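Q: sequence first, predicted coordinates after that:
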Amino acid sequence: MKTLTTEELKLQALATFLECDIEELNTSSYNDCLIEYGNEEYLVCTDSEADDLWEEDLDNYLEECVYPGLPDNLKNYFDDEKWKNDARFDGRGHSLNRYDGNEEEVQINGETFYIYRQN
């Protein structure tokens with residue numbers, strides 16, 4: 001029996017979730033977690049990939065939204081980690097699912113994949 005690659009497992013996980021054929025899915029050329037289904041895009045990640053993307057998303061939010069509005073004299077007092085802990089309260093789907101904030105799970109060959117719709 002052929003061992004499936006992580007990319008093949010991700011495609012199978014999304015096809016299972018969407019109840020479609022794998023041939024209808026395309027992996028993005030610039031992000032190995034991003035899979036396209038028609039005009040829809042989904043992040044399909046392992047647990048560790050989802051955690052890494054979540055951390056990156058929270059850092060980007062701080063850089064793009066919080067710091068620009070924070071007076072310079074208060075930047076030294078702002079606690080990034082405490083803010084991130086509060087932001088994590090709603091879960092990864094709140095940050096990574098741009099469509100409806102949900103986190104979906106699919107198990108393929110004993111491995112869990114997390115799915116986040118992007119548009």
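A: Looks like it came in fine.

Q: just the CA atoms of the helix or strand bottoming out on mean pLDDT in the chain, as CSV, please.
A: Ranked by mean pLDDT, DSSP states H and E, the weakest helix or strand in the chain is helix 72-75, scoring a mean of 88. In CSV, the C-alpha atoms belonging to helix 72-75 read as follows (Å, rounded to 0.1, in the frame of the first residue of the first chain):
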residue,chain,number,x,y,z
ASP,A,72,5.0,55.7,21.5
ASN,A,73,5.3,56.3,25.3
LEU,A,74,3.0,53.3,25.9
LYS,A,75,4.6,50.8,23.6
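
Q: for the very next helix or strand once past it, name the packing helices and strands.
A: Going down the chain from helix 72-75, the next helix or strand is helix 80-87, by DSSP states H and E. With contacts defined as 3 or more CB pairs under 8 Å, 6 or more residues apart in numbering; DSSP states H and E, helix 80-87 has these neighbours: helix 47-61. Placement of C-beta: from N, CA and C, glycine included.

Q: buried residues, the helix it packs on. List them.
A: Buried residues in helix 47-61, counted by 16 or more other CB atoms under 10 Å: 49-50, 53-54, 58.

Q: what does stretch 4-12 give?
A: Quick answer for stretch 4-12 (16+ other CB under 10 Å): 9-12.

Q: mind putting those residues into JSON lines with secondary structure and distance to residue 23?
A: Output for the buried residues of stretch 4-12, formatted as JSON lines (DSSP: H, G, I helix; E, B strand; the rest coil; distance: CB to CB, whole Å):
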{"residue": "9", "secondary structure": "helix", "distance to residue 23": "16"}
{"residue": "10", "secondary structure": "helix", "distance to residue 23": "15"}
{"residue": "11", "secondary structure": "helix", "distance to residue 23": "10"}
{"residue": "12", "secondary structure": "helix", "distance to residue 23": "12"}
